[in-house]
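Visitor: Predicted model and sequence follow; I will ask about them next.
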Amino acid sequence: MAVTDLDERVRAAVGGSAPGVSLLVVGREGVRATTSVGTADLSVDSPMGADVAMPWFSMTKIATATAAIRLSERGALDLDAPVLPLVPAMRRLRPEAFAKRITPRHLLQHSAGFANPIPVRWIHPADQPGPDPTAFLEGLLAKHAKLRFEPGSRSRYSNVGTLTLGAALAAVTGTRVEEVVTEEVLREVGMASTGFAYPADRPAATGYHPRRSPMRFLLPRWVQGESVGRWTGFRRFLLDGAAYGGLVGNPQDAARFLRMHLREGELDGERVISEGSAAEMRRIALRGSRFDLGLGWFVPARQRDADPPFVEHLGAGAGFFNVLRMYPSHGVGAVVMGNATKYDIDAVARLALGFRS
């Protein structure tokens, strides 16, 4: 595929269902192609760009998973030891015998048996502090104490599980999970424009949702901002619970992260995680009804037989939809980030195959 064709192909794939989308095609050697189409903020008609920050939402989970792997490689976290001694709030879980057996590996594989309550109201204004992380997790575990199945027996995606993993990382390091991910991943990979808050000195996109969709009524009223044409804009917000979805950053930084994983855990001559760990993270160990899981990376169940095979992590929420995708056998991946709740992100990500090795 010619780079000059990429803009038009992205526009065709999106089909007007998002104000703006960025696609970066990443190889082991660097970014092979990049395009940004549409608008980052409709009210001021600012263009979408690879330097425009957007919430990662659940793409954060693969950064949290990478931090956990780094800690395990140093011996600070045992992936196969019970988590309960590190996270006292887990004592609320039932049955108790299952709760005592949950390990970090189970949490990484979403195989601990946690419920997955809809997190649509787990948000706070971006310029205000979020809830205390310990109290937030305690409240969730008290409300959703029943484990759905025996740990390790199958997989069921759960934001609560990743929040529990974040609490374990905080416990073994003696600091907040935001600091753990920042020190272990963001700084190691050179992601200077990504963090757990909106950047003060860099452009950021506004999230949008179709104006006539009833989904906007599920959100707190304060989050609804200016409407432009057929779109309702959202005021900036951050997620309650940093470990599962709190990162905000631009596609350029996300491309560095993806390139590190494509390079088997190494970037710019620095080893972030071992080659063996990088491979283990993407090795699919458990099947689930929605996702087949490795240690963080997953494959959508409906695409488990995709040719060529890939692993990815989606990041979806009100006003934004993103994906980090790797085709390891072809040495290529895609970063897709866009400012609408839903569009054909799979069609955009597949365009990376036009630049395969």
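Guide: Cool, got the structure.
Visitor: which residue packs closest to E226, ignoring adjacent ones?
Guide: Once flanking residues are discounted, E226 sits nearest to G233: 4.9 Å by C-beta to C-beta, 6 or more residues apart in numbering. Heads up, the C-betas are built off the backbone N, CA and C, glycines and all.
Visitor: Skip ahead from the host helix or strand of that neighbour and say which helix or strand is next.
Guide: Taking DSSP states H and E as the definition, one finds G233 inside strand 231-234. Counting by DSSP H and E, the element after strand 231-234 in chain order, helix or strand, is strand 237-239.
Visitor: What helices and strands are in contact with the helix or strand just after that following strand?
Guide: For strand 237-239, the succeeding helix or strand toward the C-terminus, using DSSP H and E, is helix 242-245. Where contact means 3 or more C-beta pairs under 8 Å, 6 or more residues apart in numbering; DSSP states H and E, helix 242-245 is packed against helix 60-73, helix 159-173, helix 177-181.
Visitor: Which neighbouring elements make contact with the last one?
Guide: Here helix 177-181 is seen to pack against helix 60-73, helix 159-173, helix 242-245 when contacts are counted using 3+ C-beta pairs under 8 Å, 6+ apart.
Visitor: give me the number of residues near M260?
Guide: 26 (other C-beta atoms under 10 Å).
Visitor: Go ahead and list the helix or strand containing it.
Guide: helix 251-262.
Visitor: if we can go back for a sec, can you tell which of the helices and strands packed on helix 242-245 is closest to W122?
Guide: helix 159-173 (8.0 Å; C-beta to C-beta).
Visitor: Quick one: mean pLDDT over that closest one.
Guide: For helix 159-173, mean pLDDT is 98.
Visitor: try stretch 115-125
Guide: For stretch 115-125, the per-residue pLDDT averages 94.
Visitor: Kindly report the same for stretch 266-280.
Guide: 98.
Visitor: can you check stretch 306-313 too?
Guide: For stretch 306-313, the mean per-residue pLDDT is 98.
Visitor: cool, stretch 324-342 as well?
Guide: Stretch 324-342 comes out at a mean pLDDT of 98.
Visitor: rewinding a little: kindly compare burial across the helices and strands packed on helix 177-181 and name the winner.
Guide: Sort these by mean neighbour count, taking mean count of other C-beta atoms under 10 Å, and helix 242-245 sits at the top with a mean of 27.
Visitor: Nearest spatial neighbour of G161, chain-adjacent residues omitted?
Guide: F114 (4.4 Å).
Visitor: Surely the one you found is within a strand?
Guide: No - applying DSSP: H, G, I helix; E, B strand; the rest coil, one finds F114 to be coil, outside a strand.
Visitor: who touches it in this structure?
Guide: Applying C-beta atoms under 8 Å, 6 or more residues apart in numbering, we find F114 in contact with 144, 147-148, 156, 158, 160-161, 164.
Visitor: Show me which positions of stretch 189-205 end up buried.
Guide: 189, 191, 193-196, 198, 204-205 (16 or more other C-beta atoms under 10 Å).
Visitor: tell me which of these is nearest to Q252?
Guide: Taking the buried residues of stretch 189-205 together and measuring to Q252 by C-beta to C-beta, the closest member is S193, at 7.0 Å.
Visitor: How about the backbone phi and psi for H209?
Guide: The phi/psi pair for H209 (degrees, to the nearest 10) reads phi -140, psi 150.
Visitor: and it, how far is that from A18?
Guide: Distance check for H209 against A18: by C-beta to C-beta, to the nearest Å, it reads 10 Å.
Visitor: which residues touch S158?
Guide: Counted by C-beta under 8 Å, 6+ apart, S158 has contacts 110, 112, 114-116.
Visitor: Same question for A197.
Guide: 126, 238, 248.
Visitor: Now for the spatially closest residue to the second one that is not a sequence neighbour, how many residues are close by?
Guide: The one in question is L238. Counting by C-beta to C-beta, 6+ apart, A126 is the residue found nearest to L238 once chain neighbours are left out, at 5.1 Å. The number of residues packed near A126 is 15, by other C-beta under 10 Å.
Visitor: Low-confidence ranges, the stretch 101-250 of the chain, go.
Guide: Of all residues in the stretch 101-250 of the chain, none has pLDDT under 70.
Visitor: Kindly tell me how buried the nearest residue to T341 once chain neighbours are set aside is, as a neighbour count.
Guide: Excluding the flanking residues, the one nearest T341 by C-beta to C-beta, 6+ apart is H209, at 4.8 Å. H209 is flanked by 21 other residues according to other C-beta under 10 Å.
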